[in-house]
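Enquirer: Below: sequence and its predicted model.
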2 protein chains.
Amino acid sequence: MQNYNEEMYGLGSRRSEIRELFEYGRQLAAEKGADAVFDFSLGNPSVPVPDAVIASLKAHHDNPGIHAYTSAQGDFEVRKKIAASLNSRFGAGLGADSLYMTCGAAASLCISFKALCNPGDEIVVPAPFFPEYKVFAEAAGARFVSVPFNPADFQPDFTALASAITPATKAVVINSPNNPSGVVYTLETLRTLASILEEKSELYGHPIFIVSDEPYREIVYSGEELPFVMNYYRNTLVCYSWSKCLSIPGERIGYIAVSPRAEDERAVYAAICGAGRALGYVCAPSLLQRVVAECADVRPDVDAYRRNRDLLYSELCAMGYECIPPDGAFYLFVKSPIADAHEFSELAKKEGLLLVPGDSFGAPGYLRIAYCVSYDTIVRSLPAFKKLKSF
Amino acid sequence: MQNYNEEMYGLGSRRSEIRELFEYGRQLAAEKGADAVFDFSLGNPSVPVPDAVIASLKAHHDNPGIHAYTSAQGDFEVRKKIAASLNSRFGAGLGADSLYMTCGAAASLCISFKALCNPGDEIVVPAPFFPEYKVFAEAAGARFVSVPFNPADFQPDFTALASAITPATKAVVINSPNNPSGVVYTLETLRTLASILEEKSELYGHPIFIVSDEPYREIVYSGEELPFVMNYYRNTLVCYSWSKCLSIPGERIGYIAVSPRAEDERAVYAAICGAGRALGYVCAPSLLQRVVAECADVRPDVDAYRRNRDLLYSELCAMGYECIPPDGAFYLFVKSPIADAHEFSELAKKEGLLLVPGDSFGAPGYLRIAYCVSYDTIVRSLPAFKKLKSF
């Protein structure tokens, strides 16, 4: 008998590449000073927590009962407020009972996958993707199937997507604005995707869900609301987190929204409640539930990220880097000037630049730059980018 | 293909008995007034949140960086403080890297089971037990094996326990002070258990872990510290939560402590990190991490619970109820005056008394009374208890 679960041991002992880089940066800063390190490795928001969030924390933290258990799926009034906010933006027709409050986006995804999947089901994910999707899908007993992107615009390669869908496909995961590319899916992409999935659902005789992972929904530069996926495809689950938009990634608060028009909608919601229970997730953190409900209409300071994006994008393009134009999130995805992005990342480390190779995101040959840092950091990093380009 | 996971649907659509009772109580209160309902169904602490906790929340909520991601296993300084507090109480020799901060006791258990178990492994649990243990064990792919208690004192039946342990046994879960019985395991019980498990580990050639679920550790009436399990048995994981002792069950904050003397201790800790990752649990809520570290030495107002216990225990005994003497937690476990505890619970509901039948706790014929209510509620409930006894 094994003394522990080898697979879990593997996941816990192999550090992620992002974490490796981050730790390297800390060492380098200790040796050479913080000014010598330009840490673009992590998606920790640099915009301060909005005043409204602090005020709400302050207003609620000593309310009697605020720290007691809420309903397993989240406080009813909280869910009602959030549903109302979403309905006023998107006319989505969500009820309080369409929402399940979670302990952040990772929890939203783990619970959704566990609720939907039976062993052997497949979860299809267009690259590039957040690497943990694979871990979460496999933990739910599903098979993770990645499909290529169209390198011209980083929208999905629909031919590849359509042929990746089999009778075993349970869901397609999308993430727009995208981590790591910063690309926003167009309305046309959504419509094409919906029509492929409708056809395949019909063909295989069961619904194929879209699981839409939307932690960056509020960080878009066009100034327009993104289309709300469930308005274009009925069998949709939205996985949300306030980590990025309210700059509170440590607080672990989000939700799953089940489209009111989904097939077997009440049963899917019940399965989500069951998966929450089986994974130990009932009752999301109660103080934060009240805070996010109260701040449901608070928007992040997108201008700060836009300023970073504009500077970095224009300067890197001017240097000759091939950059994917980012319309959202706070990531810039650049083509590695040399074929091997790992090798380039190593060269960059020597200049104090921490850039994550795209391989684990399903996009080898690219590098992710998390520009949720100070403007000054970007300004000071430019000479290093320039030097690297001339190698 | 099933449109969702039937097992999760089952878990989410069958309400727990406790939740059913609670909802019934709310309806009854709406119909007949709150005074007509004596809700002993839930373990929601009635003692107010200690001032030190509120002060700590207030001191930290607007600190820059407090809402950012911490390390996956929890902030290093937080873990150091908590380890120091445990070491000063128990001389346990824990390091910061012995601790993994979690989103509450349910998370602690789910992560521990997933880290330890391979499919087909068995988790042995002496009755009576918290019903969700079975759900959590099965979610980790393990088989849940319950063993009877000794009805004389509600300590484990060691003969039954020893014979329940097979080559497939990975862990034994203990919970002292116990939910639902309120019984505290004696030092003798711990020593006997340790010696059985040492012998069986030797016999089967692999460690059998104790997973000690300790959310009620600080709620004991003897005034003495409970023995710290890992000081008596090396292969121990402690699952802790501050829900009950700081009256913050909604905030979901706890830890897993791995005994520094456990076999393959570093690998087990890594497997816990991996399981946290696979289940979507990395980084426990960050504000609360700081609060519990700062409040690691704060103790609950046990006197309030003791007053409740003394009144309820002495009055029910005087009425002729057969009560298990509770030395900890805030539950009184009474023998049903009629054979079928469900039937008695139904009779009690008619009097506005909400008592949970012991069947789902592995103890049919008993009823759980959660006396974490106001003293006044207990006083006013006594006539109903008396009336029921005379049926």
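Expert: Here it is on my side, so go on. Numbers count the residues shown, from 1 in each chain, chains lettered A, B, ... in the order given.

Enquirer: ok, residue A:291 - contacts?
Expert: Applying CB atoms under 8 Å, 6 or more residues apart in numbering or on different chains, we find residue A:291 in contact with A:53, A:56-57, A:60, A:253. C-beta coordinates here come from the backbone N, C-alpha and C atoms, glycine included.

Enquirer: Go through these and flag which are in helices.
Expert: Judged by DSSP state H, the subset of the contacts of residue A:291 located in helices is A:53, A:56-57, A:60.

Enquirer: follow-up on the earlier one: also within reach of chain B: list those from the contacts of residue A:291.
Expert: residue A:57 (CB under 8 Å from any CB of the partner chain).

Enquirer: Nearest to chain B among the contacts of residue A:291?
Expert: The nearest member of those to chain B, counting by CB to the nearest CB, is residue A:57 at 4.4 Å.

Enquirer: count of residues packed around the closest residue in space to the closest one that isn't next to it in sequence?
Expert: Excluding its sequence neighbours, the residue lying closest to residue A:57 (CB to CB, 6 or more residues apart in numbering or on different chains) is residue B:61, at 4.4 Å. If you count neighbours by other CB atoms under 10 Å in any protein chain shown, residue B:61 ends up with 22.

Enquirer: pLDDT at residue B:61, what is it?
Expert: You'll see residue B:61 listed with a pLDDT of 88.

Enquirer: Likewise for residue A:89?
Expert: Residue A:89 is given a pLDDT of 96.

Enquirer: For burial, what's the neighbour tally of residue A:351?
Expert: 17.

Enquirer: Pretty sure it sits against residue A:388.
Expert: Yes. Contact criterion CB atoms under 8 Å: residue A:351 and residue A:388 qualify, at 6.1 Å.

Enquirer: quick one: the strands in chain A?
Expert: With DSSP state E, the ranges of strands along chain A come out as A:38-39, A:99-102, A:122-126, A:143-147, A:169-174, A:209-213, A:236-241, A:254-258, A:331-335, A:353-354, A:356-357, A:366-370.

Enquirer: returning to what we had before: could you pull up the contacting residues of the residue nearest to residue A:57?
Expert: A:54, A:57-58, A:61, B:287.

Enquirer: how close does it get to residue A:322?
Expert: To residue A:322, residue B:61 is 44 Å away according to CB to CB, to the nearest Å.

Enquirer: Show me the residue at the heart of chain A, geometrically.
Expert: In chain A, the centroid-proximal residue (CA atoms, centre = their mean) is residue A:215; its distance is 4.9 Å.

Enquirer: Now do that one against residue A:240, distance only.
Expert: From residue A:215 over to residue A:240 (counting by CB to CB), the distance is 7 Å.

Enquirer: Can you check which residues contact both of the two?
Expert: Residues touching both residue A:215 and residue A:240 (CB under 8 Å, 6+ apart): A:105, A:254.

Enquirer: Got the domain ranges for chain A?
Expert: What automatic domain parsing lists as the domains of chain A is A:6-49+A:300-389, A:51-294.

Enquirer: which of those domains is buried the deepest?
Expert: Highest mean neighbour count among the domains of chain A (mean count of other CB atoms under 10 Å in any protein chain shown): domain A:51-294, with a mean of 21.

Enquirer: Residue A:237 and residue A:210 touch, don't they?
Expert: Yes. Judged on CB under 8 Å, residue A:237 makes contact with residue A:210 at a distance of 7.4 Å.

Enquirer: Name the residues contacting each of the two.
Expert: Residues touching both residue A:237 and residue A:210 (CB under 8 Å, 6+ apart) are residue A:171.

Enquirer: All the helices of the stretch 51-200 of chain A, in order from the start?
Expert: For the stretch 51-200 of chain A, helices defined by DSSP state H, counting those that start in this stretch occupy the ranges A:51-60, A:76-90, A:105-116, A:132-139, A:158-164, A:187-204.

Enquirer: would you list those helices in JSON lines and tack on distance to residue B:126?
Expert: Formatted as JSON lines, the helices of the stretch 51-200 of chain A follow (distance: least, CB to CB, whole Å):
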{"stretch": "helix A:51-60", "distance to residue B:126": "40"}
{"stretch": "helix A:76-90", "distance to residue B:126": "37"}
{"stretch": "helix A:105-116", "distance to residue B:126": "29"}
{"stretch": "helix A:132-139", "distance to residue B:126": "29"}
{"stretch": "helix A:158-164", "distance to residue B:126": "49"}
{"stretch": "helix A:187-204", "distance to residue B:126": "47"}
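
Enquirer: so what's the closest residue to residue A:248 other than its chain neighbours up against?
Expert: Nearest residue to residue A:248 in three dimensions, chain neighbours excluded: residue B:67, at 4.1 Å (CB to CB, 6+ apart). If a contact means CB under 8 Å, 6+ apart, then residue B:67 has A:49, A:247-251, B:286-287 as its contacts.

Enquirer: same thing with residue A:138?
Expert: A:144, B:278.

Enquirer: One more pass at 6 Å, please.
Expert: Counting by CB atoms under 6 Å, 6 or more residues apart in numbering or on different chains, residue A:138 touches no other residue.
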